[in-house]
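J.: My questions are about this predicted structure, shown below with the sequence.
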Amino acid sequence: MSYGIEFVPGNISVKQVVKYCKLAENKDIDFAWITNHYNNRHCYPTLAAIAQATDSLKMGPGIMNTFTDTPAAIASFMCTLNEISEGRAVLGIGPGDLSTLPKLAIDPVKPVARLKEGVQQIKALCSGQEVKKSGNMEFFDYDGAKLTGVQLPGKKGIPVYIGAQGPKMLELAGEIGEGALINASNSKDFDIAIPLIKAACDKVDDKKFKKFDVGAYTAMSIDQSEKKARNAAKIVAAFIAAGSPPALLERHGLDLSNVAKIKDALSRFDFGAVGGLVGDGEIDAFTIAGTPEMVKEKCENLTASGVTQIIFGSPLGPDMTNSIRLLGKYIV
């Protein structure tokens, strides 16, 4: 089992992110994943700053996409980050945020096919290949592209983690990735996701799944006070519930009419109403929130389901510094 931590450089500055990453490294956390949103501080310079300030922490975007960045640009950045960090770079990449891309005048068509081509070209470029036009690609049929002014990562390459939720993306993760980043905090979701990944891995190589890193990209909130921890998780649980399909809500036994009310309150930015509507059901379905003992039990459930990397994601808790220390002491 390994552990990761996620930071969103939106409400916190790059200097704060670096400070928290140094603390996380000190608490034996293995990975730092930095979110990629156009409206926040950019993950690329943030990751470079983390690389220079740490010694053992692995790091990467969590997650990039091939709509806002081209495979060539991503490959160049990842090789540069790998050089700065002396071999600690990892790439989290996915289909893109379908709620954000239209705001940027981007039509997110064929996200699975686009991602598959993108990862293929990123891997080829990072291995030093000159990528010549094949006529078999719809999106990125490069014509003589090659990285010439960067230090390449060597034979091991840079591990690629696919951000996946739906069946097609989970299967793609098993087919082309070294790992997956799955936005889920409940073992019920992994009971469904992991068999899909394994089946896809087995089609490639019956030994591949043994090395595949299944990452649970959780919404975490830990505090010695159960009430404070769970209150800090309410808004995150609300947004996840509001964006979840009915089948997922039913899987966790949630009241669809109540979730509709939560969605309506969020649309009106009435966070007071949201706090009153979000109950234990939503919190337990979509977050890991509570005392260290409660969090430890939930993490053990994830491990039992087949998760191999637990990522401590936002909000972490009512006090971020204290939360990282608690995670290091009781969970890692």
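T.: Perfect, thanks for sending it.
J.: show me the contacts for Phe190.
T.: 182, 184, 214, 216, 302, 305-307 (C-beta atoms under 8 Å, 6 or more residues apart in numbering). Just so you know, the C-beta spots here come from the backbone N, C-alpha and C atoms, and that holds for glycine as well.
J.: out of the residues you listed, which is most surrounded?
T.: Ala216 (30 neighbours; other C-beta atoms under 10 Å).
J.: In the stretch 1-150 of the chain, mark out all the strands, start to finish.
T.: All strands of the stretch 1-150 of the chain, identified by DSSP state E, counting those that start in this stretch, fall at 2-7, 31-34, 58-61, 64-65, 91-94.
J.: Quick one: mean pLDDT for the shortest one?
T.: Strand 64-65 carries an average pLDDT of 97.
J.: packing partners for that strand?
T.: Contact here means 3 or more C-beta pairs under 8 Å, 6 or more residues apart in numbering; DSSP states H and E; on that basis strand 64-65 packs against strand 91-94.
J.: let's see 6 Å
T.: Applying 3 or more C-beta pairs under 6 Å, 6 or more residues apart in numbering; DSSP states H and E, we find strand 64-65 packed against no helix or strand.
J.: if we look at it, which residues are touching it?
T.: 36, 74, 93-94, 96 (C-beta atoms under 6 Å, 6 or more residues apart in numbering).
J.: Any figure for the gap between the residue nearest to Gln224 when sequence neighbours are not counted and Ser225?
T.: Nearest residue to Gln224 in three dimensions, chain neighbours excluded: Thr291, at 6.3 Å (C-beta to C-beta, 6 or more residues apart in numbering). Distance of Thr291 to Ser225, given as C-beta to C-beta, to the nearest Å: 8 Å.
J.: Between those two, point out the one with more neighbours.
T.: Thr291 (19 against 13).
J.: From what I see, that one and Glu226 are in contact.
T.: Yes: using C-beta atoms under 6 Å, Thr291 is in contact with Glu226, at 5.1 Å.
J.: Please enumerate the helices of the stretch 201-332 of the chain.
T.: For the stretch 201-332 of the chain, the helices defined by DSSP state H, counting those that start in this stretch cover 208-211, 226-242, 246-251, 256-267, 271-277, 280-286, 292-305, 320-326.
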